[in-house]
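Engineer: What shape does this take:
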Amino acid sequence: MEGEPSHIGQSGHRAVVWHAPEVPPPPNLMAALAGRRIEAVRVQSPYRALAELCRAGIPAQPAIVIVHPESLADVPAFWDAKARYAPGARCWMYGPIVRPVLRAIVDADIARRAVQKLKPGGEPMAVPAEGPAEEASKAPLLSPEELRMLLGDDEPDAAGER
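Structural biologist: Predicted coordinates for the structure are as follows:
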């Protein structure tokens with residue numbers, strides 16, 4: 001059910017996972033979050049995504065992972081609303097569909113998406129990704145450093161790493 005946490009995190013961290021209704025979040029992404037004891041709240045609309053970010057509140061520094069943003073039409077409008085109502089939220093993407101990687105969303109991603117031209121018939125044209133074009137590796141989906149960036153942690157973990 002939308003808005004229900006898929007895993008209640010004992011770490012106190014929460015990530016909103018926004019995905020298209022016809023494209024469920026990848027199991028390896030959800031497993032990586034659950035393995036780190038992060039509460040993952042799955043949502044399927046930009047309104048619900050923004051509501052969950054706002055509900056978490058400013059001190060919580062919530063995170064959102066947008067799954068395959070190229071398949072979601074409302075990302076630029078969501079970005080503007082997030083900047084206004086949840087400016088402290090950390091934003092990540094898992095995509096593109098062809099060779100997905102987890103990485104932070106930057107303003108250039110949103111600008112590129114906002115200026116896409118439409119094909120005849122109203123469908124968005126494919127826009128080549130301009131980001132890290134790394135081959136999929138056997139490394140964990142979230143490295144300790146990426147996890148700290150995603151969650152905004154500045155504290156060392158149990159092993160004493162920062």
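Engineer: all contacts plus neighbour counts: C-alpha atoms, from now on.
Structural biologist: Fine.
Engineer: Helices along the protein, start to end?
Structural biologist: 27-35, 46-56, 75-85, 107-114, 144-151 (DSSP state H).
Engineer: a markdown table for those helices, including mean neighbour count, mean pLDDT and distance to residue 95?
Structural biologist: Output for the helices of the chain, formatted as a markdown table (neighbours: other Cα atoms under 10 Å; pLDDT from 0 to 100; distance: least, Cα to Cα, whole Å):
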| stretch | mean neighbour count | mean pLDDT | distance to residue 95 |
| --- | --- | --- | --- |
| helix 27-35 | 15 | 91 | 11 |
| helix 46-56 | 19 | 90 | 17 |
| helix 75-85 | 15 | 88 | 13 |
| helix 107-114 | 14 | 70 | 12 |
| helix 144-151 | 16 | 70 | 16 |
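Engineer: how about the ones you listed in a markdown table, adding distance to residue 15?
Structural biologist: Below are the helices of the chain laid out as a markdown table (distance: least, Cα to Cα, whole Å):
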| stretch | distance to residue 15 |
| --- | --- |
| helix 27-35 | 8 |
| helix 46-56 | 9 |
| helix 75-85 | 14 |
| helix 107-114 | 20 |
| helix 144-151 | 8 |
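Engineer: Quick one: closest of the ones you listed to residue 63.
Structural biologist: Counting by Cα to Cα, residue 63 lies closest to helix 144-151 out of these; the figure is 6.5 Å.
Engineer: one step back: now for the helices of the chain, which one comes closest to residue 18?
Structural biologist: helix 46-56 (6.3 Å).
Engineer: so where is this structure shaky, pLDDT-wise?
Structural biologist: Where the chain drops to pLDDT under 70, the residues are 1-12, 57-60, 111, 113-143, 147, 151, 153-162.
Engineer: same thing but 80
Structural biologist: For the chain, the stretches with pLDDT under 80 are 1-12, 56-61, 107-162.
Engineer: All the strands of it, in order from the start?
Structural biologist: Residue ranges of the strands in the chain, as given by DSSP state E, are 5-7, 14-18, 39-43, 63-67, 90-95, 101-104.
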